[in-house]
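Chemist: task: produce atomic coordinates for the following.
(one chain, ligands or ions: 1)
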Amino acid sequence: MSFLLHHIVIVFIYFCLDQKEKTMQLRKHYRTIVLSDIHLGTSHSKVDEVNQFLKSVNCDRLILNGDIIDGWHIRKNGSRKWQPAHTLFFKILMKLMEKCNTEIIYVAGNHDDFLDALVPLQLGNITVVKDFVHESQGKRYFVTHGDVFDRVTSQMKWLANLGDTGYTFLLWFNGWYNRYRRAMGKPYYSLSQRIKQKVKTAVSYISDFEQTLAEFAQSKKCDGVICGHIHHPENTYYGKIHYLNSGDWVETMSALAEDEDGNWSILYYGEAFQNPESEDIQEVTKINAAV
Ligand SMILES: [Mn+2]
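Modeler: Alright, predicted model coming up:
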């Protein structure tokens, strides 16, 4: 009897391992994924969405391009807003490293500046840096969070703080507005992004930031730049310089992805996960059911 039980257990374990293997294979594979501005530790962080996104992909290199943990917020308000979902984010990262052999490069931003004292740091498959050059398919990309190039936050702290208060209010309002939209059966809408697009000064601020970064990449003899910080995803060219911004997981829920051939694209969470007809969501539902 115990012999039979023993066999059943072994078969069951093999079955589970096989399922796990299949689950990892179902994930969409990219050469590189870039995430930034998740602001873990705040209530505005779209942590469930980023976790769901991460469970649906697999990559050789994951770049966490700054403001992943909001150290400023935690210092000011304590860790009350730290949810199990915020810890789950790191567990998913561990799984990626373990199962997919993903290399993780954490680039410190301004909200996670507590890491500045540690850089450069190498812990197994994780590297913590302030910036680095990502080389792929013969191209060189300068990777930085981007805050040091932001004239508003680096030169006028008081203005940045004032902006921060207004911004926090906007995000709070955005949350309520979207709860109302959801109740009406409407998809997610980023009110703060819409307002930013309308306000002229915000538009010139964005193009100013992009231009500065493109010039810096050129001075570093790079073909492109990969940044975050302004919560404005982009995949464009400034002259010959490829400007890439990974967006954020507070407003736009976006990431950058590089395929096997070195082509870059912006992935929007909403596109893949809010349209139940899409193949991606069916795939992910299958994956989540299997986990
Ligand atoms: Mn930032």
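Chemist: residues in contact with the nearest residue to residue 89 once chain neighbours are set aside?
Modeler: Of all residues not flanking residue 89 in the chain, residue 51 sits nearest, at 5.7 Å (CB to CB, 6 or more residues apart in numbering). In this view, the C-beta of every residue, glycine as well, is placed from N, C-alpha and C. Residue 51 makes contacts with 85, 88-89, 92, as judged by CB atoms under 8 Å, 6 or more residues apart in numbering.
Chemist: just the buried members of those residues?
Modeler: 88-89 (16 or more other CB atoms under 10 Å).
Chemist: can I get the particular helix or strand that has the residue nearest to residue 89 in it as PDB, trimmed to CA atoms?
Modeler: Residue 51 is part of helix 47-55 when elements are defined by DSSP states H and E. C-alpha atoms of helix 47-55 as PDB (Å, rounded to 0.1, in the frame of the first residue of the first chain):
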ATOM      1  CA  VAL A  47       1.300  46.700  -8.300                       C
ATOM      2  CA  ASP A  48      -1.300  44.000  -9.200                       C
ATOM      3  CA  GLU A  49      -1.100  45.000 -12.800                       C
ATOM      4  CA  VAL A  50       2.700  45.000 -12.900                       C
ATOM      5  CA  ASN A  51       2.800  41.600 -11.200                       C
ATOM      6  CA  GLN A  52       0.300  40.200 -13.700                       C
ATOM      7  CA  PHE A  53       2.400  41.600 -16.500                       C
ATOM      8  CA  LEU A  54       5.700  40.100 -15.100                       C
ATOM      9  CA  LYS A  55       4.000  36.700 -14.800                       C
END
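Chemist: gap between that helix and the chain center?
Modeler: 9 Å (CA atoms, centre = their mean, to the nearest Å).
Chemist: likewise stretch 179-188?
Modeler: 24 Å.
Chemist: next: stretch 57-64.
Modeler: So, by CA atoms, centre = their mean, the centroid of stretch 57-64 is 10 Å from its chain's centroid.
Chemist: right, is that stretch up against the ion?
Modeler: No: Stretch 57-64 is not in contact with the ion by CB under 5 Å from the ion; minimum separation 12.5 Å.
Chemist: before we move on, back to that, quick check: next helix or strand after the helix holding residue 51?
Modeler: strand 57-65.
Chemist: what packs against that next one?
Modeler: strand 28-35, helix 84-100, strand 103-107, strand 139-144, strand 224-227 (3 or more CB pairs under 8 Å, 6 or more residues apart in numbering; DSSP states H and E).
Chemist: related to what we said a few turns ago, what angle sits between the helix holding residue 51 and helix 84-100?
Modeler: Per axes from the mean of the first three to the mean of the last three CA atoms, to 10 degrees, the angle that helix 47-55 makes with helix 84-100 is 10 degrees.
Chemist: go through helix 47-55 and flag the buried ones.
Modeler: For helix 47-55, by 16+ other CB under 10 Å, it's 47, 49-55.
Chemist: what do you get for stretch 231-247?
Modeler: Under 16+ other CB under 10 Å, the buried positions of stretch 231-247 are 231-234, 238, 241-247.
Chemist: what about those residues, which are in strands?
Modeler: 234, 238, 241-245 (DSSP state E).
Chemist: so which bits of this structure are right by the ion?
Modeler: So the chain meets the ion at 67, 109-110, 147, 229 (CB under 5 Å from the ion).
Chemist: so which residue is dead centre in this protein?
Modeler: residue 35 (2.3 Å; CA atoms, centre = their mean).
Chemist: can you tell me, leaving aside adjacent residues, what's nearest to it?
Modeler: residue 255 (5.1 Å).
Chemist: which parts of the stretch 101-250 of the chain are strands?
Modeler: For the stretch 101-250 of the chain, the strands defined by DSSP state E, counting those that start in this stretch occupy 103-107, 121-123, 126-129, 131-136, 139-144, 224-227, 234-238, 241-245.
Chemist: quick revisit: mind putting the buried residues of stretch 231-247 in a markdown table, pLDDT included?
Modeler: Below are those laid out as a markdown table (pLDDT from 0 to 100):
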| residue | pLDDT |
| --- | --- |
| 231 | 91 |
| 232 | 92 |
| 233 | 96 |
| 234 | 97 |
| 238 | 96 |
| 241 | 97 |
| 242 | 98 |
| 243 | 97 |
| 244 | 98 |
| 245 | 98 |
| 246 | 98 |
| 247 | 96 |
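Chemist: I appreciate the help and will end here.
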